[in-house]
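Undergrad: quick one: sequence plus predicted model below, questions after.
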Number of protein chains: 2
Amino acid sequence: MIQKRAKAVTIKEIASHCDVSPSTVSLVLNGSQKIKKSTRDKVFKAAADLEYQPNEMARSLVSSRSRCLSVTVPALNHVFSDVYFGEIISGIYQEAQEAGYKILLDIAQESFIAEKEYLNILRNRRADGMLYIASTVEDRFLLEFEENHDPLLLVNHYFPGSSLNYLSVDYKQAARLCAEHLLKQGHRHIGLIVGTNTFTGLDFRDTFFKVCEQKGISKTSLPWTGCSDWDEQDGYTATRKLMSRHPELTAIMAGNDRMAIGAMRYLINKGLHVPKDVSVMGVDNIPSAKFTTPGLTTLKMDLFEVGRRSCKRLLEILNGRRTECRELLEPHVILRESTGPART
Amino acid sequence: MIQKRAKAVTIKEIASHCDVSPSTVSLVLNGSQKIKKSTRDKVFKAAADLEYQPNEMARSLVSSRSRCLSVTVPALNHVFSDVYFGEIISGIYQEAQEAGYKILLDIAQESFIAEKEYLNILRNRRADGMLYIASTVEDRFLLEFEENHDPLLLVNHYFPGSSLNYLSVDYKQAARLCAEHLLKQGHRHIGLIVGTNTFTGLDFRDTFFKVCEQKGISKTSLPWTGCSDWDEQDGYTATRKLMSRHPELTAIMAGNDRMAIGAMRYLINKGLHVPKDVSVMGVDNIPSAKFTTPGLTTLKMDLFEVGRRSCKRLLEILNGRRTECRELLEPHVILRESTGPART
DNA sequence: TAGAGAAATTCAAACGATTTAACAAGGCGC
DNA sequence: GCGCCTTGTTAAATCGTTTGAATTTCTCTA
C-alpha cells in the first residue's frame, strides 16, 4: 500500500481561478511578455496565493531536460567519506545550484557497469549530463560515450587517446613541483607511493622519475610501490615495504595526502622522526593536512575549484555554448613541517 | 541553442515491432502475468534488441513517484568533505541503490530555506522523501514538515517536542560511556569541547556533566567550550582557550574526532605529551582516527549503519509499511593510545 | 454450433506541463 | 465599411508512460 500524497496545485487550477486558459498561465509563468500586464499580475498573484509549484516531472517530460546532473564516483570503500571526493562534489554542487540544476549521486560499482547504468542514466532522462570523478584505467566502458557524443566530462582525470572531455589538475606539473622541492632539500633517495590505477597517477610517477633522472638521480635510488585504494592504510603498508627494503631512503613522496598520513604514521611508529630522519610529502592539501603532526607539506590542487569549473564546463556544453573541454589547472606547493633537509 | 539529443526508443516502437499495442508492451515490461508467454518473449526480445530504456520522467509523471530521495545536509563549509557526512551518505546510498532509488543532494543554505526549497523539492515531485542529516537547533523550519506529514526523516539528530521522525546514535549513552572511561582512568579535571548548535550535542554535554557529578566531580572541574563548526580548527582553538585558563586539566573530551584531532595538535604544539600529560578522547571513530599520532581513543558510532538504516526506514514509511520512526543506535568505546591514566 | 466464461489484448483517458498555430478583438487607413 | 495589422488569448497536439474498462479472441461445455 503506497502512501497517498496530497494532490498538488496545478496550472489548471490557477487558470480557473483567473478565468484564463492553462496556456496563458504557462506563458506567464515562463516569463512571456506577450501577455497583457494586468493578466500577468493576476496569474502571478494566484500562483503565489495557491503556493503553486510546477511539477518537474511534467516539465522534464515535455522539454526532454531533467535539469539534473549525474555525479559519478568510483566504487572505493565508503567513497563519500573521502575528502578528495567531498571537495570536488562541494564545488560541483555550488555551480550546479547556481544554475538551477540538481545533483544526482552515483557510484560506479559492479552493477552500475554490468547493467550499463552509466548510459541509462542519460538515456532514461534522469540526468542531462554526467560528471565522472577520478575514473580509473579500468573504466574502459567510458569509451562508449565517445561514439554517442554524450554530455560527459571526466573530472580530475582523462582518458589518453580518447576524445572524452575532461578538466583536471596538471599532474605532470604536480610531479615536477614535488620532485624539485625534494631535490632542492638534498634528497637523493626517494621512495614513491603512487596510485597506479589512474592515468593521472601514472603520469605523476613517470614525470617524477623523469625530473629526478634529469638531475642525475639513478632509477635505483627511486624505489616505488603502487597501490589502488589511495588511503592511509595503503600509505602505511607501502612505507613499511619501502623502508624495510631501502633503509637509505630520506624521503617518501606519496601520491596523495591520505597515503602520506599513513606513511608518517608508520615512520613515527618505527621511532623515526619526520622530517629529521625521513621527509614526507603529499598531494591534494586536504583540510586535515594542516592538522597532522607534523603538518604535512603538500601540493594545493584546489579540488573545490576543479569541481566548480568542471560543472560549469559541462553546463556550457549542454547549452551548446561549447563543444568540448580539455582543461588543466595548476597546482602549488604548500610548505609545512613534514619535509626538511635530507639527513646526511 | 540547446543541444539536441538523439531521440530515444519508446514503448510504441517496441509495440509496432511486435505487432501489439503499447499497452501490451507496458504490461509485459512491468511483469504482468496476464500476457501470453509467447507475446511476453517477443516483447522482451524486442526491448533488448532496441536497447529500450523507459523514460523515467514519463513514468514519474503518471505514477507520481520519482524514485528519488533527497539527502540534505547543513550549510557547513565544504560540507561534503566531512567524513562524518560522507560515512552517512555512503550508507544511505547503498540502501537506496538496492531499493532502486536515486539520491539527490541538497545543502540547506540560505536560499534553500528562504525559498522553501525544502518543501518544494517534495512538492514539485523531484523527490519522494527527504533525509536530513544532522540538522541544527536553528533549523526550526523543519517543523513545517510536521503538519503536512511529509515523508521526512532526521538522520543522527532529532527535534525535541516535535513528532518528526528520526534515527540517531544515542548521544546520551555516548556521553555516559565517555565519562565512565575517563573517570575510570582517574581523571578529575576534564575539559569539554562540544558543538552547541545541535540537540544531540547539548544532550552529550548535559549527560556528561550529570555522570561526572554523580561520581562526585564538581562542576568547576569541568570547564567547557562550545563551538559550531565541529572541525579541527574549532578543536584547536577551544583547547587553547581551555588549557590556558585551566592548566590543571588532565583530559580533553571532544564532541567529535575532528575536534579531538585539532585538540591533540594544539597540545603537541605546546610540547605536551598525549596521553601522559593530557588525554584526548573523540567521538565518531572516523577512518583517520586510526592513523593519528597517537591513535585516537574514540566512540564508534557506525555512521555508515546510521545512514543505511535511516534510508531503510524512510523507504518503509514511503511504502506504507511503517508510519513513524524514532530509533536510537548504541555507540561503543574504541580504545587507542590517546587516553591513559591521569597524571598525578 | 451456439453461447458462456476465461484469457488475452487493446482503447482511451489520464498525468501536468509546453508550444505552435489559429482565432478573436481592436485600431487604423482609405 | 472593408481589409489589414497588432495584440492578446486559447485550442489542440505533444511528451512517454500507466491503467481500468472495453473489446476481441479463444476454449470449453451443453
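TA: Arrived safely.
Undergrad: C-alpha from now on. contacts and neighbour counts both.
TA: Noted.
Undergrad: ranges for the strands of chain A?
TA: A:68-74, A:102-108, A:129-133, A:152-155, A:165-169, A:190-195, A:224-227, A:251-254, A:279-281, A:298-300, A:326-329, A:332-334 (DSSP state E).
Undergrad: would you turn those strands into CSV with distance to chain B?
TA: Output for the strands of chain A, formatted as CSV (distance: least, C-alpha to the nearest C-alpha, whole Å):
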stretch, distance to chain B
strand A:68-74, 9
strand A:102-108, 5
strand A:129-133, 11
strand A:152-155, 13
strand A:165-169, 16
strand A:190-195, 17
strand A:224-227, 18
strand A:251-254, 15
strand A:279-281, 15
strand A:298-300, 15
strand A:326-329, 19
strand A:332-334, 18
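Undergrad: the helices in chain A, which residues?
TA: A:11-18, A:22-29, A:37-49, A:56-63, A:83-98, A:110-114, A:117-123, A:144-148, A:171-184, A:199-214, A:232-245, A:257-269, A:303-318 (DSSP state H).
Undergrad: adding distance to B:Lys42, mean pLDDT and mean neighbour count, write those out as CSV.
TA: Converted to CSV, these look like this (distance: least, C-alpha to C-alpha, whole Å; pLDDT from 0 to 100; neighbours: other C-alpha atoms under 10 Å in any protein chain shown):
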stretch, distance to B:Lys42, mean pLDDT, mean neighbour count
helix A:11-18, 41, 94, 18
helix A:22-29, 41, 95, 18
helix A:37-49, 48, 94, 16
helix A:56-63, 28, 95, 17
helix A:83-98, 42, 91, 22
helix A:110-114, 23, 90, 13
helix A:117-123, 22, 93, 20
helix A:144-148, 28, 88, 13
helix A:171-184, 52, 97, 21
helix A:199-214, 44, 97, 20
helix A:232-245, 51, 96, 20
helix A:257-269, 53, 95, 26
helix A:303-318, 37, 96, 23
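Undergrad: turn these into CSV, columns for distance to DNA strand C.
TA: Converted to CSV, the helices of chain A look like this (distance: least, C-alpha to the nearest atom of the strand, whole Å):
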stretch, distance to DNA strand C
helix A:11-18, 4
helix A:22-29, 4
helix A:37-49, 10
helix A:56-63, 4
helix A:83-98, 19
helix A:110-114, 28
helix A:117-123, 18
helix A:144-148, 24
helix A:171-184, 42
helix A:199-214, 41
helix A:232-245, 49
helix A:257-269, 47
helix A:303-318, 16
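Undergrad: could these go into a markdown table alongside distance to B:Asn269?
TA: A markdown table is the format used below for the helices of chain A (distance: least, C-alpha to C-alpha, whole Å):
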| stretch | distance to B:Asn269 |
| --- | --- |
| helix A:11-18 | 64 |
| helix A:22-29 | 60 |
| helix A:37-49 | 58 |
| helix A:56-63 | 54 |
| helix A:83-98 | 25 |
| helix A:110-114 | 46 |
| helix A:117-123 | 48 |
| helix A:144-148 | 51 |
| helix A:171-184 | 25 |
| helix A:199-214 | 33 |
| helix A:232-245 | 23 |
| helix A:257-269 | 16 |
| helix A:303-318 | 28 |
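Undergrad: what's the closest of those helices to chain B?
TA: When the helices of chain A are compared by C-alpha to the nearest C-alpha, helix A:83-98 sits nearest chain B, at 3.8 Å.
Undergrad: so A:Leu222 touches A:Gly191, yeah?
TA: Yes: if you go by C-alpha atoms under 8 Å, A:Leu222 and A:Gly191 touch, sitting 5.7 Å apart.
Undergrad: thought A:Tyr171 was touching A:Asp203?
TA: Yes: using C-alpha under 8 Å, A:Tyr171 is in contact with A:Asp203, at 6.5 Å.
Undergrad: around DNA strand D, pick out the residues from chain A.
TA: Residues of chain A lying close to DNA strand D by C-alpha under 7 Å from any atom of the strand are A:19-24, A:27, A:34-37, A:39, A:58, A:61-62.
Undergrad: let's go with 6 Å and repeat that
TA: A:20-21, A:23-24, A:34-36, A:39, A:61-62 (C-alpha under 6 Å from any atom of the strand).
Undergrad: tell me which residue of the stretch 151-300 of chain A lies closest to DNA strand D.
TA: Going by C-alpha to the nearest atom of the strand, DNA strand D is nearest to A:Pro151 of the stretch 151-300 of chain A, at 18.2 Å.
Undergrad: contacting residues for the residue nearest to A:Val79 when sequence neighbours are not counted?
TA: Distance criterion C-alpha to C-alpha, 6 or more residues apart in numbering or on different chains; nearest residue to A:Val79, sequence neighbours excluded, is B:Ser90 at 6.9 Å. Applying C-alpha atoms under 8 Å, 6 or more residues apart in numbering or on different chains to B:Ser90 gives the contacts A:78-81, B:304, B:307-308.
Undergrad: separation between the residue nearest to A:Asp234 when sequence neighbours are not counted and A:Thr200?
TA: In space, and not counting its chain neighbours, A:Asp234 is closest to A:Met259: 6.1 Å by C-alpha to C-alpha, 6+ apart. To A:Thr200, A:Met259 is 16 Å away according to C-alpha to C-alpha, to the nearest Å.
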